[in-house]
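*Asks:* Here you go, sequence then predicted model.
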Amino acid sequence: MAYATTNPYTGEVLKTFSDATEAEVKQAITKAHTAFLSWKKTSFAERAEVMQKAADLLRKDIDAYAKLLTLEMGKLIAEAKAEVELSADIFEYYARNAKTLLAPEKLPVANLTEGHAMLVHDPLGVLLAVEPWNFPYYQVARIIAPQLSAGNTILLKHAGIVPQSSAACEKLMRDAGLPDGAFKNLYAAHSQIELILNHPLVRGVALTGSEEAGAVVAALAGKALKKSTMELGGSDAFVVLADVDLDKTVRWAVFGRHWNGGQVCVSSKRMIIVDKIYDQFLQRYTAGVAGLHAGDPSDPKTTLAPLSSQAAADGLKDKIRQAVAHGAKATEVGPKIPNKGAFVQPTILTDVGENNPARYWEFFGPVSMLFRAQDEDDAVRIANDSPFGLGGSVFTSDPKHGAEVARQISTGMVFVNHPTMVKADLPFGGIRHSGYGRELLGLGIKEFVNHKLIDVVDIDAPF
C-alpha cells in the first residue's frame, strides 16, 4: 500500500491505508463541485468564520497535532508545535484579510463620463493540491486557507508517508464548519493525478514537491489546459561577507541547514564564504554542527531529527557517495548517529568543483556544501550559479549593504542576516527549477481566481 505511517525513529509500521479507487476519486470531484456551487456564493464573513475556527482548533489541540507530525515524519517536537502555530497563523491571516485582498478594483478609464470599469476576482472551482511530507500541515494550510477563502474547493493528494496528518487536515476543516465536500483528503495513487486533472470539473493544481514531480504534474496540467502553480526544490545560498559577527552567523548557519532534519526546500544548503574568513567559518561551523544531538525526536533535548524515512536516508547517503566520486571531499561531523532510526551522519562537503554535478544538486538532509569565494562579487556569482532560485541569505554587519547584495541574487526570496523567514504575512515562491507562482498574501489568494473585467459603457452606437 502506498499510504502508511512508519515511525522513522523506530522503523515500525504503525498503520496502513488503502488507495482510493477510481470511483471514489470521481465521486470526490463531483461532491467538490457541488460544494463549490454553494460555497462560492457564501459571504467573506461566513468563510472567515470557518478559517478562524480552524486556527482556534489548531491552537487548542496543538500538542495532539504536533505529536502526529513527530510520529509520521520524525519532526522534533518543538518544531512540530511551531508548525502547528504557523498553520494557525495562516488561517487567521486569511480570516482577517481575504475580503480586502479580493475586493473589486475600480479601473481608471480614458473617459470617465462613458461609464465605469471594475475588476472582480471570482473563484475558479475545484482545485487539486499535491503536497509533500516535510511540513504536513503548513504546506496544506498555505494552499487551502487562501483558496477556500477565495471560494474555491479543494481535493488533497498528500504524501504517502503522512496519511494520518492528511486525514487530520480534513477533520480539522470539517470541525471548523466547512461544508461537506469542500475539502477532501484523497489517498490517490500517483497514476490518478492525470485522471483528476483531465476531469472537466477540475480547474487547477497547486503542487509543492520535488523538481521531478513538478515537471510531471505541470506537463499534465498544461496538456489539460489547467492553471498550475509549482513550489519545488531549492539549493539556497548562505552568503557570508567579511565583516560579519562570525559567532552569530555560524549559529544561524547551523540552524539554517539542520532545522527539520535539513529537509527544507529553503534551508541553507550552499554556504558561500569570502576567502578572508573562510577558514575561521569552517572551523566554527564544524564545531557547531558537532554539537547537534541526534536522537528521539519526541525528546526535547534532541536537536537533530531523523530523516522522514529510511529510503530518504539511503538516497541521501548515495548522493554523498556520488559527490565524492566526482571529486568532492566529505567530512563526517559530530558524535556517531544512533544505530536505530533513519539518521544520516551530518556531513560537510568541500572542494565541490564546477565540473562536479553535485554542485547543482539539492541535498535534502544534514549535508552542507561550503564554497570559498574570492570576494563579494565572486560570492554573488557562485550564489547565482544554480538551476534553482527559491531563497537565500546574505550575512553582513551592514544591513543596508546586505540589501544591495541581496538584490543581485536571482531567487524568489532573499533574507539579510537570517537564513529564512517563514510567516503568514510574507510571500513564498521561486523561479527557474524552483517553480513558478506565489503562495500567501494577496499574491497567493489571487493565483486561482478569474480576474474578470466588468465594464459598464454608456455611449451611443456609432451607427
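*Replies:* Done, it's in.
*Asks:* from here on, contacts and neighbour counts on C-alpha atoms
*Replies:* Will do.
*Asks:* contacting residues around the helix ranked longest in the chain?
*Replies:* Looking across the chain with DSSP state H, the single longest helix is helix 77-101. Residues from elsewhere that reach helix 77-101, judged by CA atoms under 8 Å, 6 or more residues apart in numbering: 44, 47-52, 54-56, 58-59, 62-63, 65-67, 69-70, 135, 137-138, 141-142, 145-146, 149-150, 260, 297-300, 423-425, 442, 445.
*Asks:* where's it relative to the chain centroid, distance-wise?
*Replies:* Offset of helix 77-101 from its chain centre (CA atoms, centre = their mean, to the nearest Å): 14 Å.
*Asks:* can you start the count at 35 instead of 1 from here on
*Replies:* In the new count, where the first residue is 35, that last one comes out as helix 111-135.
*Asks:* List the neighbouring strands of the helix or strand just after it plus their orientation.
*Replies:* Next along the chain after helix 111-135, taking DSSP states H and E as the criterion, comes strand 139-141. Strand pairing for strand 139-141, determined by DSSP bridges: strand 149-157 (antiparallel).
*Asks:* how far is the partner strand from where the chain is centred?
*Replies:* With CA atoms, centre = their mean, you get 31 Å for strand 149-157.
*Asks:* could you check the angle helix 111-135 makes with that strand?
*Replies:* 150 degrees (axes from the mean of the first three to the mean of the last three CA atoms, to 10 degrees).
*Asks:* What is the helix or strand following strand 149-157 packed up against?
*Replies:* Using DSSP H and E, the helix or strand that follows strand 149-157 in sequence is strand 160-164. Where contact means 3 or more CA pairs under 8 Å, 6 or more residues apart in numbering; DSSP states H and E, strand 160-164 is packed against helix 56-73, strand 187-191, strand 236-242.
*Asks:* Most tightly packed of the ones you listed?
*Replies:* strand 187-191 (a mean of 27; mean count of other CA atoms under 10 Å).
*Asks:* average model confidence for that one?
*Replies:* Across strand 187-191, pLDDT averages out at 98.
*Asks:* Report the strands that pair with that strand, each with its relative direction.
*Replies:* strand 160-164 (parallel), strand 217-219 (parallel).
*Asks:* Tell me which of these sits nearest to residue 363.
*Replies:* Closest to residue 363 of the strands paired with strand 187-191, according to CA to CA: strand 160-164, at 36.4 Å.
*Asks:* ok, back up a step: and of the strands paired with strand 187-191, who's closest to residue 52?
*Replies:* Nearest of these (CA to CA): strand 217-219, 12.8 Å.
*Asks:* What is the helix or strand just after that closest one packed up against?
*Replies:* Counting by DSSP H and E, the next helix or strand C-terminal to strand 217-219 is helix 226-232. For helix 226-232, the packing partners by 3+ CA pairs under 8 Å, 6+ apart come out as helix 56-73, strand 236-242, helix 245-257.
*Asks:* Can you tell me which helices and strands the second one packs against?
*Replies:* Taking 3+ CA pairs under 8 Å, 6+ apart as the contact definition, the neighbouring helices and strands of strand 236-242 are strand 160-164, helix 226-232, helix 245-257, strand 261-265.
*Asks:* let's see 10 Å
*Replies:* helix 56-73, strand 160-164, helix 172-184, strand 187-191, helix 226-232, helix 245-257, strand 261-265 (3 or more CA pairs under 10 Å, 6 or more residues apart in numbering; DSSP states H and E).
*Asks:* I'd like those laid out as CSV, including distance to residue 137.
*Replies:* Output for these, formatted as CSV (distance: least, CA to CA, whole Å):
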stretch, distance to residue 137
helix 56-73, 17
strand 160-164, 21
helix 172-184, 11
strand 187-191, 20
helix 226-232, 29
helix 245-257, 29
strand 261-265, 22
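*Asks:* Show me what stretch 39-55 is in contact with.
*Replies:* Stretch 39-55 has contacts (CA atoms under 10 Å, 6 or more residues apart in numbering) with 35-38, 61, 102, 104-109, 194-199, 220-223, 226, 329-332, 339-345, 347, 372, 374-377.
*Asks:* redo that, cut-off 8 Å
*Replies:* Against stretch 39-55 from outside (CA under 8 Å, 6+ apart): 35-38, 105-108, 195-198, 220-223, 330-331, 340-344, 374-376.
*Asks:* any chance of the helices and strands packed on strand 160-164 in JSON lines, plus distance to residue 252?
*Replies:* Converted to JSON lines, the helices and strands packed on strand 160-164 look like this (distance: least, CA to CA, whole Å):
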{"stretch": "helix 56-73", "distance to residue 252": "20"}
{"stretch": "strand 187-191", "distance to residue 252": "15"}
{"stretch": "strand 236-242", "distance to residue 252": "8"}
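*Asks:* Quick one: mean pLDDT over stretch 247-266.
*Replies:* Averaged across stretch 247-266, pLDDT comes to 98.
*Asks:* Work out the gap between that stretch and the centre of the chain.
*Replies:* 16 Å.
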